[in-house]
Each structure stands twice: as C-alpha cells, then as structure tokens.
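S.K.: here is a sequence together with a model predicted from it:
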Amino acid sequence: MSRERNLAKIAESTFSKLDKVHSEIFTMTYGAIVTTLVEDLDNVDEVNAQLDKMGHNIGERLVDELLAKTGLNPQPDMRYVMEIVTRVGFRIYLGITPTLSNWNADSTTVTLSFRDSALSDWVELPHTLDDLSYFQLVCGVIRGALEMLGMKVKCTITADKLKGAQTTDILVELQEVMQAKFYN
C-alpha cells in the first residue's frame, strides 16, 4: 500500500504546483459540442466515434503538457501512469478525478469510477439517445494519453450514471506496450 501512497503524494504535490483550468468552462463547452454533434451527424455511433477521436487528441496534448510542466519522467508502468494522468492531468484539465480500483494482479487492468463529475452534472439524456456514450471523450483521453507514453489500451464504459448507475465506470485494459510517442 505504500506504493499507492507514494504515487498519491507525487500526484498531489504535482497538482498543487500547476495552474488549473476552470472546469466549468470545459463542462459547458463539452455539452455544447455534444449537442452540436448530435444535431449534425447522422447517428449516435458517429457521435461516439467523434467524441472518442476528440478525446484522443486531448489525451495526447494533456500528457505532452503535463510532462513539460512537471518534469515527471514517464515510466512504462501502467499503475504509475494511471495515477499521474488521472490524479493530476484529469484533475487539472478536465476538473474530474476518478477513483482507481479493481487492479488485476499484474496491474494491466483497472476500473476508473466517477461518482461525481462536473462533466455530466445537469445532463439528462433523452431516450432517443440511449446509445450515446457521453463519457466517450474520457475514454479517448485515456487512450491518447497512454499511447503517448507507449501503452495501447482498450477503454470500455461498463456503467453510466446518466443511464441509472450509481457511478460512471470505465474499464481500462492494457493491450500492448509500444514505443512511447513522447520520445519520438
């Protein structure tokens, strides 16, 4: 348990030193983007794909800026990377901090749980959008961030608070360790 405490201390120390983005601005902008995509695209699957693509680009930028501002050394260790990306990057740039749980024995699978999230506060999905994955952007952010650090992951939304669950949960599974883009 001391490793988790050490990672949490590193994350908290790093977070306290950095400028923060106003999450309210991001939240309102995100809601407007989702609304525009729903209105402009033919189907919900296309909206989900666009949200994922946008999130991927945000994730790449998030890691690039996070490493530049903090001086942290990226490590090919999923547990370390997830702690830093979620406790620092998500908190600074997205205004949300998930709980990490259900790590498997070799630390290649984890669940991110969002109990309260400014991203989805005040959002209600009509029944016509039951297939919309409002948090798909977050899946893209995770994928983009970890790819920059040399980890190809699969992200799956396993529970959605906007669809009646207690939390929004994202299962993250390491698929492959690659060359980190950050070093290229």
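M.R.: Right, received. Where do you want to start?
S.K.: what's the burial count for Ile142?
M.R.: For Ile142, the tally of surrounding residues (other Cβ atoms under 10 Å) stands at 27. Yep, even glycine has a C-beta here, placed from its N, CA and C like the rest.
S.K.: my guess is it contacts Gly89. True?
M.R.: No - contact criterion Cβ atoms under 8 Å: Ile142 and Gly89 do not qualify, at 10.0 Å.
S.K.: pull up the overlap in contacts between the two.
M.R.: Residues touching both Ile142 and Gly89 (Cβ atoms under 8 Å, 6 or more residues apart in numbering): there are none.
S.K.: so Val172 belongs to a strand, correct?
M.R.: Yes - according to DSSP: H, G, I helix; E, B strand; the rest coil, Val172 belongs to a strand.
S.K.: which residues sit in contact with it?
M.R.: 82, 109-112, 142, 146, 153-155.
S.K.: distance from stretch 145-158 to the middle of the chain?
M.R.: 9 Å (Cα atoms, centre = their mean, to the nearest Å).
S.K.: list the buried residues for it?
M.R.: The neighbour-count check on stretch 145-158 (16 or more other Cβ atoms under 10 Å) flags 145-151, 153, 155, 157 as buried.
S.K.: which residues touch it?
M.R.: For stretch 145-158, contacts defined as Cβ under 8 Å, 6+ apart pick out 56, 59-60, 62-64, 74, 76, 78, 81, 85, 89, 111, 133, 135-136, 139-140, 142-143, 168-182.
S.K.: tell me which of the contacts of Val172 fall in helices.
M.R.: In helices, defined here by DSSP state H, the members of the contacts of Val172 are 82, 142, 146.
S.K.: just the buried members of the contacts of stretch 145-158?
M.R.: With burial judged by 16+ other Cβ under 10 Å, the buried subset of those is 56, 59-60, 62-63, 74, 78, 81, 85, 89, 111, 133, 135-136, 139-140, 142-143, 168-172, 174, 180.
S.K.: using CSV, lay out the ones in helices among the contacts of Val172 together with distance to Ala105 and pLDDT.
M.R.: Formatted as CSV, these follow (distance: Cβ to Cβ, whole Å; pLDDT from 0 to 100):
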residue, distance to Ala105, pLDDT
Met82, 16, 90
Ile142, 21, 94
Leu146, 20, 93
